[in-house]
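Engineer: Sharing a sequence plus its predicted fold:
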Amino acid sequence: MTDYFAGDDRTNRERMLAGDLYIADDPDSERLAQRGLALADAYHRAVVAGEPDSRSILEELLGSLGEGAHLKPPVFVDYGENIHVGARTFANYNLTMLDVATITIGQDCQIGPNVQLLTPTHPVDPQPRRDKLEAAEPITIGDNVWLGGGVIVCPGVTIGENSVIGAGSVVTRDIPANVVAVGNPARVLREI
């Protein structure tokens, strides 16, 4: 087996956070993933029970949560701490945010149900696949973006402000500001 990390004394978590290839076996990452899972579950249960402090659980889960932002549970994360949500953003049920890399969601965004924001990547070369190598690229969503239900945003994508992504679209590359994009892969239909 090839030693991809010869001469690199960083932990797999340090490689992951740098956006480099890593193996997902770091004990700190596992501890933080368990924390994220527990907080997401606690948030869900608190909202269902009508507990007035449910927002504080979401604030603890995420890296930052803007004033007036609301994410309807259940919310699914890898860690939570790498997610930043702008003020007044709303997300409907079943938002999945795999935040191996940073996910930034702007202000005043509307996110439909079952949306997936996916930062992890995997090599396509057969040898690294056998070694279970992974990497990640950040996702950035500008202000006042609408993501329709079931949208999937792939690693490394930036969606410009005021854009609308149609339901069921798979966003594989950057989308400019002020456009409507739809499809798999998502393509710009028109300017707004």
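Structural biologist: Received it, and whenever you're ready, just let me know what you need. The shown structure was predicted, so the numbers you read here are calculated from the model rather than taken from an experiment. Numbering: from 1, shown residues only.
Engineer: What are the boundaries of the helices in this structure?
Structural biologist: For the chain, the helices defined by DSSP state H occupy 12-17, 27-48, 54-61, 126-130.
Engineer: Which one of those helices lies nearest to Thr96?
Structural biologist: Judged by Cβ to Cβ, the one of the helices of the chain that comes nearest to Thr96 is helix 27-48, at 10.4 Å. Where you see a C-beta, it was placed from the backbone N, CA and C, and this is true even at glycine.
Engineer: can you pull the buried residues of the closest one?
Structural biologist: Across helix 27-48, burial judged by 16 or more other Cβ atoms under 10 Å covers 29, 32-33, 35-37, 39-40, 42-44, 46-47.
Engineer: What of stretch 140-155?
Structural biologist: If you call a residue buried by 16+ other Cβ under 10 Å, then stretch 140-155 has these buried ones: 140-148, 150-155.
Engineer: Just name the closest of these to Leu61, please.
Structural biologist: Distance to Leu61, by Cβ to Cβ, is smallest for Ile141 among the buried residues of stretch 140-155, at 18.3 Å.
Engineer: That closest one bridge partners, please.
Structural biologist: Ile105, Ile159 (DSSP bridges).
Engineer: The buried residues of stretch 140-155 in strands, which ones?
Structural biologist: Applying DSSP state E to the buried residues of stretch 140-155, the entries found in strands are 140-141, 146-147, 152-153.
Engineer: sorry, back to before: adding distance to Leu71, write the helices of the chain out as CSV.
Structural biologist: Output for the helices of the chain, formatted as CSV (distance: least, Cβ to Cβ, whole Å):
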stretch, distance to Leu71
helix 12-17, 24
helix 27-48, 8
helix 54-61, 6
helix 126-130, 33
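Engineer: Nearest to Gly106 among those helices would be which one?
Structural biologist: Among the helices of the chain, helix 54-61 sits nearest to Gly106 (Cβ to Cβ), with 17.5 Å.
Engineer: OK, contacts around the closest residue to Thr140 other than its chain neighbours?
Structural biologist: Take Thr140 and drop its neighbours on the chain: the residue closest to it by Cβ to Cβ, 6 or more residues apart in numbering is Thr158, 4.4 Å away. If a contact means Cβ atoms under 8 Å, 6 or more residues apart in numbering, then Thr158 has 139-142, 174-175 as its contacts.
Engineer: I am finished for the moment; much appreciated.
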